[in-house]
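# Generate a structure from the sequence data that follows.
(chains A and B)
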Amino acid sequence: MKNRLIMIWYGELTTRKSLLRRGLVFLSPGMLWLMVFLVLPGLVLVAVSFATRGAYGQLEWEYTIENYRRLMGFSLFGWTSDYLLILWRSVLVAFITTLVSVILSYPLCFFIATRKERSRYLWLTLVIIPFWTNMVIRAYAWFLILAPEMPFARLAASLGFIAEGSPLYPNAFAVYIGMVSMFLPFVTLPLYASVEKLDWSLVEAAQDLYASRIRVFSQAILPQTLPELSVGVILTFVPAMGMFVVPDLLGGAKYMLVGNLIQQQFGASRDWPFGAAISMGLMVLTMITLQIYRRRSKETDHR
Amino acid sequence: MTSENKGGLIIEGINKRFGDVEVLKDVTLEVRSGEFFTLLGPSGCGKTTLLRIIAGLELPDTGRINLCGQDITSLPATKRQVNTVFQSYALFPHLSIFENVAFGLRSRKFADEVVTERVEKRLEMLGLLDMGDRYPDQLSGGQKQRVALARALVNEPEILLLDEPMSALDAKLRAKVQEDLRRIQRRLGRTFLMVTHDQSEALVCSDRLAVMHEGRVIQYGHPEEVYDFPKTRFVAEFLGAANLIEAKKVPGGADTRYGILRLDEEPSWTRGLLAIRPEWIRIGEKQPGENGVRARVSEVIYRGTSFDLWLEPGPLRVRTSSYRHFRPGDEVWLELAADELTVLEDDA
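Alright, predicted model coming up:
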């Protein structure tokens, strides 16, 4: 009976109890950090989302589901789709941002991976360099690039998309450009790691077995790169859902996303309970979308 | 040329270089329809590159490839009636064994019933019928190799390419698989082209073989022919074991360190090399009529089915069946018979 409690752990004779104690010692700093700065604020947020806004914007601990009703579009003046539209638009923007980043990343990764070993690091550095600059500054940089005097805006004006002499922002297009340029490296870097160690014999086997280009990609390349691709997709999709700097600057009031809406509630509108309710909505939406993605990628992986 | 080789493969004047390295130098070969042909050579001799060119995975710099009377030199891999068993097998890890074998048929959009029928036929032939639902990582090396074979054969290729198909198997399994492969090829009557660095594999499997060295085909023909009459020192040493004897041409024979040896054929050189296989040297106590050499046993190596004796002056290796025992120090007579001595092309 006593013997069962003694075990060998990586060459060390010890007891289960002392292992457990040691594990707790190592785990507790991280756990504490997460508890204090993530779990507790999260719980507070849940509580706040059921509270009421006072007449002067202060919190009143009076239980209500009014915030969620409002998010669903019910108000004193009847039903409106505004908030749901913003939520839906946020999912769409995050989805398209992720999709475009993935579509751009594959050729980019294959391009870099097929360079000579020494120049590969140069290319990778070029991908990373934008990270050295503050996000807000990068968003402002797009103002310059999309300004009326620049070739892009001129081209768009001559094709009749925008009025002569106006910039290419703020609009949906500018938001997408800003978002993709912001998130591209999050897909490219993990994906590159798997493209670099790709087993090319599978590609050759697929070609040898009469596969079309699409079939070569879906059967020989995609399954091999799926784990790293998933990392990139999650790293892009989740922050893209809550992004507010880029849509704020490049989309303005014309293209509001849920991130801006939340920022507004906690800021100018001083409506913390409603802001908390929107945050909850965002979190639930993100989790649902990731769950759908996980299901789909499992189908591709078969097992 | 195609009239006598219908359905065969003709390779003419293939050159290929990667950067500064000339990998293939003017390679010309003919593989007849229905034969088992082997490209044999050490690593880096260009045999795999030649195979990849035939598969369509590389393009030659110059030269032509003709399959079944059709010029396929610039045809992409996906359009060639050629299938490959890859060295690493390259099975798709996310697909079941059935789907792996079905891959080529599905690429060409065959109807489901046809796919099922043909895949099951191949799986059955290779003893894999109950493996259909498994995945590659659940299979042993030998099973994976058979799946790779089934996956290629199910497409009924005009020519099946095998790239070192047994290099990932252990020695004992390899011997069995060599014979299996030979039987499968005989039964199907299809053209097989194998690349290997293993001489025993080449001898067991092939109807004909080509020995490659430094990007050239040095000699090709039936295995017995190439083994019995190696053209160069490289072939003599690479295919089996050989004793090499430096010689100077004299009328009717050659002057060597073992005295004047009579030869059946006249050398083209004045100084060059003779070769004799260890098992072709006769050993005894009586002096033979001609080409006799007095020698002393210096070392005896037991090899199971035979003994290898090292003799002085030499070193000379003699292989003898095990019914007679020799000991180091024994004085013997050797006969380097004229019809067993091969004159190599190499100059000395």
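# Quick check, the residue in the stretch 51-200 of chain A closest to chain B?
Relative to chain B, the nearest point of the stretch 51-200 of chain A is A:Asp199 (7.5 Å; C-beta to the nearest C-beta). C-betas here are computed from N, CA, C, even on glycine.
# What's the local residue count around that residue?
Taking other C-beta atoms under 10 Å in any protein chain shown as the criterion, the count of residues near A:Asp199 is 14.
# doesn't A:Thr225 make contact with it?
No - if you go by C-beta atoms under 8 Å, A:Asp199 and A:Thr225 don't touch, sitting 10.7 Å apart.
# Secondary structure element holding B:Glu224?
For B:Glu224, the host element (DSSP states H and E) is helix B:223-228.
# pLDDT on the next helix or strand after that helix, on average?
Next along the chain after helix B:223-228, taking DSSP H and E as the criterion, comes helix B:233-238. Rounded to a whole number, the mean pLDDT of helix B:233-238 is 92.
# Now the element after helix B:233-238, going C-ward?
Moving toward the C-terminus from helix B:233-238, the next element (DSSP H and E) is strand B:243-250.
# How about B:Leu181: what's its closest non-neighbour residue?
B:Cys205 (5.9 Å; C-beta to C-beta, 6 or more residues apart in numbering or on different chains).
# got a list of what that neighbour touches?
B:Phe36, B:Thr38, B:Gln178, B:Leu181, B:Arg182, B:Gln185, B:Phe192, B:Met194 (C-beta atoms under 8 Å, 6 or more residues apart in numbering or on different chains).
# do that again at 7 Å, thanks
Listed by C-beta atoms under 7 Å, 6 or more residues apart in numbering or on different chains, the contact set of B:Cys205 reads B:Phe36, B:Thr38, B:Gln178, B:Leu181, B:Arg182, B:Met194.
# Show the pLDDT at it.
B:Cys205 carries a pLDDT value of 93.
# Please apply the same query to B:Gln87.
pLDDT for B:Gln87: 92.
# now do B:Asp347
So B:Asp347 comes in at 61 (pLDDT).
# and if you look at B:Arg32?
For B:Arg32, the model assigns a pLDDT of 94.
# So B:Asn66, which state does it fall into?
Following DSSP: H, G, I helix; E, B strand; the rest coil, B:Asn66 is assigned to strand.
# just checking, it touches B:Gly7?
No - in this structure, B:Asn66 is not within contact of B:Gly7 by C-beta atoms under 7 Å, at 11.1 Å.
# Which one of these two is surrounded by more residues?
Ranked by neighbour count (other C-beta under 10 Å), B:Asn66 and B:Gly7 place B:Asn66 first, with 18 against 15.
# Just grab the bridge partners of the residue lying closest to the more buried one once chain neighbours are set aside for me.
Once flanking residues are discounted, B:Asn66 sits nearest to B:Ile10: 4.3 Å by C-beta to C-beta, 6+ apart. Counting by DSSP bridges, B:Ile10 is bridged to B:Glu30, B:Asn66.
# Likewise for the one 4 residues further on?
Listed beta-bridge partners, B:Ile14: B:Val27 (assigned using DSSP bridges).
# show me the residues around it that make contact.
Contacts for B:Ile14 (C-beta under 7 Å, 6+ apart) come out as B:Leu24, B:Val27, B:Leu50, B:Ile53, B:Pro60, B:Gly63.
# Walk me through the domains of chain A.
According to automatic domain parsing, chain A comprises the domains A:1-35, A:81-301.
# Could I get the full set of helices for chain B?
Under the criterion DSSP state H, chain B contains helices at B:47-55, B:97-107, B:112-125, B:141-153, B:171-188, B:199-205, B:223-228, B:233-238.
# now swap in the stretch 1-150 of chain A and tell me
For the stretch 1-150 of chain A, the helices defined by DSSP state H, counting those that start in this stretch cover A:16-34, A:40-49, A:66-71, A:82-113, A:117-128, A:135-145.
# Make a markdown table out of these and add mean neighbour count, distance to chain B and mean pLDDT.
Below are those laid out as a markdown table (neighbours: other C-beta atoms under 10 Å in any protein chain shown; distance: least, C-beta to the nearest C-beta, whole Å; pLDDT from 0 to 100):
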| stretch | mean neighbour count | distance to chain B | mean pLDDT |
| --- | --- | --- | --- |
| helix A:16-34 | 10 | 32 | 91 |
| helix A:40-49 | 14 | 37 | 93 |
| helix A:66-71 | 18 | 41 | 90 |
| helix A:82-113 | 18 | 17 | 93 |
| helix A:117-128 | 12 | 15 | 91 |
| helix A:135-145 | 15 | 38 | 88 |
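# would TSV of the ones you listed with distance to B:Pro42 be doable?
Compiled in TSV, the helices of the stretch 1-150 of chain A are given as follows (distance: least, C-beta to C-beta, whole Å):
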stretch	distance to B:Pro42
helix A:16-34	54
helix A:40-49	66
helix A:66-71	73
helix A:82-113	31
helix A:117-128	27
helix A:135-145	56
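# That'll do, ta.
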